[in-house]
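Undergrad: I'd like to go over a predicted model; first the sequence, then the structure.
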Amino acid sequence: MTVTSPAPAPASAFVHTPASGQSGSDPASARSAGHAIVEALTLHGVERVFAVPGESYLDLLDGLHDSDITTVVCRHEGGAAYMAEAHGKLTGEPGVAMVTRGPGAANAYVAIHAAWQDATPMVLFVGLVPGDHRDREAFQDFDPRAWFGTQAKRVLLLDQPERASELVAEAFFAARSGRPGPVVVGLPEDIITRPAPPEVHPVLPVTDGGVAPAELDALRELLIRAERPLILTGGPRWTPRAAARLTAFAERHRIPVAQDWRASDRVPFDSPVSIGQLGYGRRDSLAGRVEEADLLLCVGGVLSDVPSDGYTLRQSPTAVTVVANIDATLRGRSGGLTRQILAAPDTFTEALTGLDLTGHPDWTRWTAEARDEEARHAALPAEVRTGAGLPTTAPGTAHMTTVVAELVERLPDDAVYTFGAGNHCVWAQRYLPTRVFPSQLSMRNGSMGYSVPAALATSLESPDRLTVAVAGDGEFLMNGQEIATAVQHGAAFLVILMDNQQYGTIREHQEHHYPGRISGTQLANPDFAAYARAFGAHGETVTSDDQAAGAVERALKAVTDEHRPAVIHVVVDQNIPLP
């Protein structure tokens, strides 16, 4: 069994950190609980927090003042919490957001739901009313356990100042362990100002599970008997090392790898075993191969709602399916289950490295056919090179595919992509090459407003990598104001913004169920390039295909050379079908 801890070395006993000039043994010399929380965050390796300030947690903000932790001051709690969620996806360590009581907590709830469904580690600190005001309908009072109890792994309330750093350790442990997820920590404003002891609770180690020899032998037997094996990757707790190991194993034995919806970065985009993404927008031929496979090996995740097409694919209870993940509850599982190996991807792929599959059937043709199908699907249309053959658009509009094609030609291999929800995501999912892990951050719960906050968090964490956000007009304006935060804190990323003046996904469903009766889906939009420039970012507008190359060149120069955000506003014809 493997046990892992976050980057900072955990202490084996309480860490003694008296303030300068204080003995630390005198209770009167102890610093406040709010300051103790900051010290605990530092011990857990937190380098930045995403916050919208509030009077309910002033002492915590004061503790951040003299710390090495950067406070990223955001413009909306939803944006701040999305940034923390994106940090969790990118690094595997909990992202931290801080918001105030009542309305602030309500605005952050959207990211808690996303982190719950996407199994993302994050910790949300929420300032609360004073303890003696609780349950009296005080100004901005609410019950955090009632609000968040069904969508967070734990909801912790600090009612004893001496437990301040302990609650941080508990919160981070819960967020990281097993199937990761969000944890909410409530901080009554009077409690965090009270003295806390000088000791800081150590980091709690998290297990990665293990693979017993008998389990590995059983998996080997299933594999060497399989004529049509298929690996499905997804879920949490992946590392670059685990992704590389899984890729090497699949390529060595020529086993095809499908990837979960919006989790297409576990195996490289152009690997000879990469056969595409399940879920919305998937190919029919890929769904057929999932049904046809005589062994499905799920690594990291499970065959849940979206990749199973709403619990319709591979639902036979006799289907041979092995799940290797770290969630003992197998939350979200559907269809048959042959056996579970309780191990995180890093531990499981290490065991795979030494697995001897001598005598297995020849899977070359099975894999090559599936790979060819995906390669054709993921290739940009030949028409974008000449312009001939593309659908005719209305005057003053361009093809999104043309802009994406110009971008793909200029992308580094380690580019990172962020996107939220909407029809614009089709271009990101289908054409943008994910060649390293992590490189795709999106919302598996279909939440909008994620693209810009996620790009901001990614840029701050990995400034040497190019970050590209793909947004729709409706999606962008839900948190586009965080461009101001990006400029303030030095985050640089590119936004490709598709403007079709509508909520396109809902319009598509509407036309299917109520054809010709457009209602509640049309938008009147601003000049998005001017909007970006107003914040100090670079702005470009593309209204014809011949403008695409220049706009992409200039925008990338602004991001890479001038180190500032850039927005390419692509005006498209709302009646052009998706690729």
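TA: It's in.

Undergrad: Can you name the element that comes right after the worst-scoring helix or strand of the chain on mean pLDDT?
TA: Ranked by mean pLDDT, DSSP states H and E, the weakest helix or strand in the chain is strand 15-16, scoring a mean of 37. For strand 15-16, the following helix or strand on the C-terminal side (DSSP states H and E) is helix 33-43.

Undergrad: in its sheet, what does the helix or strand just after that following helix sit against?
TA: Next in sequence after helix 33-43, counting helices and strands by DSSP H and E, comes strand 48-51. Paired strands of strand 48-51, with direction, are strand 70-73 (parallel), strand 95-99 (parallel) (DSSP bridges).

Undergrad: now the ones you listed in JSON lines, with mean neighbour count, mean pLDDT and distance to Leu41?
TA: The C-beta positions use only the backbone N, C-alpha and C, and glycine is treated the same way. Output for the strands paired with strand 48-51, formatted as JSON lines (neighbours: other CB atoms under 10 Å; pLDDT from 0 to 100; distance: least, CB to CB, whole Å):
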{"stretch": "strand 70-73", "mean neighbour count": "18", "mean pLDDT": "98", "distance to Leu41": "11"}
{"stretch": "strand 95-99", "mean neighbour count": "30", "mean pLDDT": "98", "distance to Leu41": "7"}
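
Undergrad: how about those strands, which one is nearest Ala529?
TA: Closest approach to Ala529 among the strands paired with strand 48-51 (CB to CB): strand 70-73, 25.0 Å.

Undergrad: hmm, who's touching that closest one?
TA: By CB atoms under 8 Å, 6 or more residues apart in numbering, the residues outside strand 70-73 that reach it are 47-53, 61, 64, 80, 83, 456, 460, 485, 488-489.

Undergrad: From those residues, keep the buried residues only.
TA: Among the contacts of strand 70-73, the ones that count as buried by 16 or more other CB atoms under 10 Å are 47-53, 61, 64, 80, 83, 456, 460, 485, 489.

Undergrad: Go through the residues you listed and say which is closest to Thr349.
TA: For these, the nearest to Thr349 is Glu47 (27.6 Å; CB to CB).

Undergrad: what residues are up against the closest one?
TA: Contacts of Glu47 (CB under 8 Å, 6+ apart): 68-70.

Undergrad: at 7 Å what do you get?
TA: 69-70 (CB atoms under 7 Å, 6 or more residues apart in numbering).

Undergrad: Quick check: it vs Val73, distance?
TA: Separation of Glu47 from Val73 (CB to CB, to the nearest Å) stands at 15 Å.

Undergrad: again with Pro526
TA: Here Pro526 is placed at a distance of 24 Å from Val73 (CB to CB).

Undergrad: cool, Gly186 as well?
TA: On the measure of CB to CB, Gly186 and Val73 end up 22 Å apart.

Undergrad: pretty sure Gln259 is touching Arg266, no?
TA: Yes. Applying CB atoms under 7 Å, one finds Gln259 in contact with Arg266, separated by 5.9 Å.

Undergrad: Spit out the residues that contact these two alike.
TA: Thr233.

Undergrad: Between those two, tell me which one has more neighbours.
TA: Arg266 (29 against 26; other CB atoms under 10 Å).

Undergrad: ok, for the more buried one, nearest residue in space, not its chain neighbours?
TA: Thr233 (3.9 Å; CB to CB, 6 or more residues apart in numbering).

Undergrad: which residues of the stretch 451-579 of the chain fall in helices?
TA: Counting by DSSP state H, counting those that start in this stretch, the stretch 451-579 of the chain has these helices, from start to end: 451-461, 473-479, 482-489, 504-513, 528-534, 548-560.

Undergrad: Please identify the most buried of these.
TA: helix 451-461 (a mean of 29; mean count of other CB atoms under 10 Å).

Undergrad: Mind giving me the packing neighbours of that helix?
TA: helix 77-91, strand 416-419, strand 467-472, helix 473-479, helix 482-489 (3 or more CB pairs under 7 Å, 6 or more residues apart in numbering; DSSP states H and E).

Undergrad: Strand 467-472 and that one, what's the angle between them?
TA: 180 degrees (axes from the mean of the first three to the mean of the last three CA atoms, to 10 degrees).

Undergrad: what's the angle between helix 451-461 and helix 482-489?
TA: Using the same axes, to 10 degrees, helix 451-461 lies at 20 degrees relative to helix 482-489.

Undergrad: Quick one: distance of helix 451-461 to the chain centre.
TA: 11 Å (CA atoms, centre = their mean, to the nearest Å).

Undergrad: quick one: that helix to helix 548-560, angle?
TA: Going by the same axes, to 10 degrees, helix 451-461 makes 50 degrees with helix 548-560.

Undergrad: what's the angle between helix 451-461 and helix 77-91?
TA: Going by the same axes, to 10 degrees, helix 451-461 makes 50 degrees with helix 77-91.

Undergrad: need the helices for the stretch 201-350 of the chain, in chain order.
TA: Under DSSP H, counting those that start in this stretch, the stretch 201-350 of the chain gives helices at 213-225, 240-253, 284-292, 345-353.

Undergrad: And the longest one, what does it pack against?
TA: The one in question is helix 240-253. For helix 240-253, the packing partners by 3+ CB pairs under 7 Å, 6+ apart are helix 345-353.

Undergrad: ok, 8 Å please
TA: strand 229-233, strand 257-259, helix 345-353 (3 or more CB pairs under 8 Å, 6 or more residues apart in numbering; DSSP states H and E).

Undergrad: Can you list the buried residues in that helix?
TA: For helix 240-253, by 16+ other CB under 10 Å, it's 242-247, 249-251, 253.

Undergrad: Check which helix or strand Thr401 maps to.
TA: helix 400-408.

Undergrad: what mean pLDDT does whichever helix or strand Val123 is part of have?
TA: Using DSSP H and E, Val123 falls within strand 122-128. The predicted model assigns strand 122-128 a mean pLDDT of 97.

Undergrad: In its sheet, which strands sit next to it, and in what direction?
TA: Applying DSSP bridges, one finds strand 122-128 paired with strand 95-99 (parallel), strand 182-188 (parallel).

Undergrad: Kindly calculate the angle that that strand makes with helix 33-43.
TA: Interaxial angle of strand 122-128 relative to helix 33-43 (the same axes, to 10 degrees): 170 degrees.

Undergrad: So what touches the helix or strand that comes right after strand 122-128?
TA: Using DSSP H and E, the helix or strand that follows strand 122-128 towards the C-terminus is helix 144-148. Residues from elsewhere that reach helix 144-148 (CB under 8 Å, 6+ apart): 105-106, 109, 112, 126, 128, 155, 157, 182, 184, 186.

Undergrad: Now do the buried residues in helix 144-148.
TA: Neighbour-count burial for helix 144-148 flags 144, 147-148 (criterion: 16+ other CB under 10 Å).

Undergrad: which of these lies closest to Arg314?
TA: For the buried residues of helix 144-148, the nearest to Arg314 is Phe148 (33.7 Å; CB to CB).

Undergrad: How much space separates the closest one from Val183?
TA: 9 Å.

Undergrad: Could you tell me which residues touch both of the two?
TA: With CB under 8 Å, 6+ apart, Phe148 and Val183 have common neighbours Val155.

Undergrad: which residues does the residue nearest to Arg266 contact?
TA: Contacts of Thr233 (CB under 8 Å, 6+ apart): 246, 257-260, 263, 266-267, 298-301.

Undergrad: Including distance to Arg365, could these go into TSV?
TA: Converted to TSV, the contacts of Thr233 look like this (distance: CB to CB, whole Å):
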residue	distance to Arg365
Leu246	22
Val257	16
Ala258	17
Gln259	21
Asp260	25
Ala263	27
Arg266	24
Val267	19
Cys298	23
Val299	23
Gly300	27
Gly301	27
